[in-house]
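> compute the structure for the input listed below.
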Amino acid sequence: MSRWQELTGGTSGAQYAARFEALRRSGKDVHGEAALCSALAPAGARVLDAGCGTGRVMIRLAELGYDCVGIDLDASMLEVARAHAPHLPWFQVDLAEFDPAALGIAPDFDLVVAAGNVLPLLTPGTEGAVVKRLAAALRPGGVLVAGFGLDAAHLPVPPTITLPEYDACCAAAGLVPVDRFATWDAAPYDGGGYAVSVHRAAS
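Below you'll find the model as predicted:
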């Protein structure tokens, strides 16, 4: 079982969406992830939102003209996503078992984004397999961007994966490091407890 399922019981979709809606209404920018993705790939590019949750990032990217696919294991989160954007493709799938061909999806994404602490909330021990499957969904030269917490201050559970371990997973999947930021607004990484990492597939 994933740490996310253990934490939420797979029933927190509406609550999760309400939290971000409250942030939006208070004037907070809730589209930082989409903004960074749009700086990494041109409009019209194919984007896979891995661990898409309630669809906040993917829906914004679709509004910006991206060709998006969302995948997530949590049915309650996907229920919210489908309600907000029924015209977009949402698939319930375990990232550790993600097979684009089985879903009728071409594995030629320009960008794969894993936001919202996806990596630390996986089933422990599956991190390498997940990174490998996400890398396999990229076209040559495609980009994987993942943001996640590294300490207790940035995670709802104890941390399970370090940046060196994540980089090793990426290297094993044939990805090379491109950039690392401290936030989704591309602030330079300063060794803090949250990092957004950008890796590229060989071209």
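> when you work out contacts or count neighbours from here on, use the C-alpha atoms and nothing else.
Fine.
> quick one: residues contacting residue 126.
Neighbour list for residue 126: residue 96 [criterion: Cα atoms under 8 Å, 6 or more residues apart in numbering].
> any idea how far it is from residue 39?
Residue 126 sits 29 Å away from residue 39, going by Cα to Cα, to the nearest Å.
> what are the phi and psi values at the residue at minimal distance from the centre of the chain?
The centre of the chain sits closest to residue 114, judged by Cα atoms, centre = their mean, with a distance of 1.4 Å. Dihedral pair for residue 114: phi -120, psi 90, per degrees, to the nearest 10.
> how close does it sit to residue 105?
Taking Cα to Cα, one finds residue 114 at 18 Å from residue 105.
> likewise for residue 125?
26 Å.
> go ahead and confirm residue 117 touches residue 151.
No. In this structure, residue 117 is not within contact of residue 151 by Cα atoms under 8 Å, at 11.4 Å.
> can you confirm residue 48 is in a strand?
Yes. Per DSSP: H, G, I helix; E, B strand; the rest coil, residue 48 lies within a strand segment.
> check contacts around it.
Residue 48 sits in contact with 68-71, 109, 111-113, where contact means Cα under 8 Å, 6+ apart.
> quick check: ChimeraX command selecting the buried ones in those residues.
The following ChimeraX command selects only the buried members of the contacts of residue 48, with burial defined by 16 or more other Cα atoms under 10 Å:
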select :68,69,70,71,109,111,112,113
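> format the contacts of residue 48 as JSON lines; extra columns: pLDDT.
Output for the contacts of residue 48, formatted as JSON lines (pLDDT from 0 to 100):
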{"residue": "68", "pLDDT": "98"}
{"residue": "69", "pLDDT": "98"}
{"residue": "70", "pLDDT": "98"}
{"residue": "71", "pLDDT": "98"}
{"residue": "109", "pLDDT": "98"}
{"residue": "111", "pLDDT": "98"}
{"residue": "112", "pLDDT": "98"}
{"residue": "113", "pLDDT": "98"}
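> can you tell me which of the contacts of residue 48 is nearest residue 178?
Distances from residue 178 to those, taken as Cα to Cα, are shortest for residue 111 (13.2 Å).
> what's the spacing between the closest one and residue 165?
21 Å.
> distance of residue 41 relative to residue 66?
9 Å.
> please read the previous query as pertaining to residue 125.
Residue 125 is 32 Å from residue 66, by Cα to Cα.
> between these two, who's got more neighbours?
residue 66 (21 against 10; other Cα atoms under 10 Å).
> my guess is that one contacts residue 49. True?
No. Applying Cα under 8 Å, one finds residue 66 not in contact with residue 49, separated by 11.2 Å.
> tell me which residues of stretch 136-150 come out buried.
So for stretch 136-150, counting by 16+ other Cα under 10 Å, buried means 136-139, 142-150.
> go on, stretch 178-187?
Under 16+ other Cα under 10 Å, the buried positions of stretch 178-187 are 180-184, 186.
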